[in-house]
Structure formats: structure tokens, C-alpha cells
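Chemist: could you look at this predicted model? Sequence included:
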Amino acid sequence: MKLVKLISRLINEEKGGSAIEYGLIIALIATVVIGILLALGGNDRFFGTITDSVNNSGI
């Protein structure tokens, strides 16, 4: 019951609402970053090829 009271108090208080909003924003940003990393995860060979080409070019 203490957890329910805590959540209820956080929702009803303005400071708690701000904390919840910041938490949701952080969760959204983390989800986007994870999605981008997963989407680019299969491209490691592509970036490795570019790195090898630059290193072998003698520049």
C-alpha cells in the first residue's frame, strides 16, 4: 500500500508530475538511441570497410 500511496502522491503533486515527465522523456530518448544502435548494428562491416580503405590509402 505504501507504493500506491507514493505513486498517488507523486501524480497529484506538481513536483512529482515534473519528475514523471522527465522520466518519460528520458525513457523516450533511451528508446530512440537503442533503436538507432540496433538499426546501425548490422553496418559494422560497412564502417570497417571504410576504415580499412582510409587506412590503406596512405593519406
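Modeler: Cool, the structure landed.
Chemist: contacts only, for Ser57.
Modeler: Counting by C-beta atoms under 8 Å, 6 or more residues apart in numbering, Ser57 makes contact with nothing. In short, each C-beta sits where N, CA and C put it, glycine included.
Chemist: let me know the pLDDT of it.
Modeler: We have a pLDDT of 77 for Ser57.
Chemist: phi, psi for it please.
Modeler: Dihedral pair for Ser57: phi -80, psi -20, per degrees, to the nearest 10.
Chemist: distance of it from Phe46?
Modeler: 17 Å (C-beta to C-beta, to the nearest Å).
Chemist: residues touching Phe47, list them.
Modeler: No contacts exist for Phe47 under C-beta under 8 Å, 6+ apart.
Chemist: gap between it and Val32?
Modeler: 20 Å.
Chemist: so where is the chain shaky, pLDDT-wise?
Modeler: 14-17, 43-44, 59 (pLDDT under 70).
Chemist: quick one, strands of it?
Modeler: With DSSP state E, there are no strands along the chain.
Chemist: top helix in it by residue count?
Modeler: helix 14-40 (DSSP state H).
Chemist: just checking, what packs against that one?
Modeler: Judged by 3 or more C-beta pairs under 8 Å, 6 or more residues apart in numbering; DSSP states H and E, the packing partners of helix 14-40 are helix 2-12.
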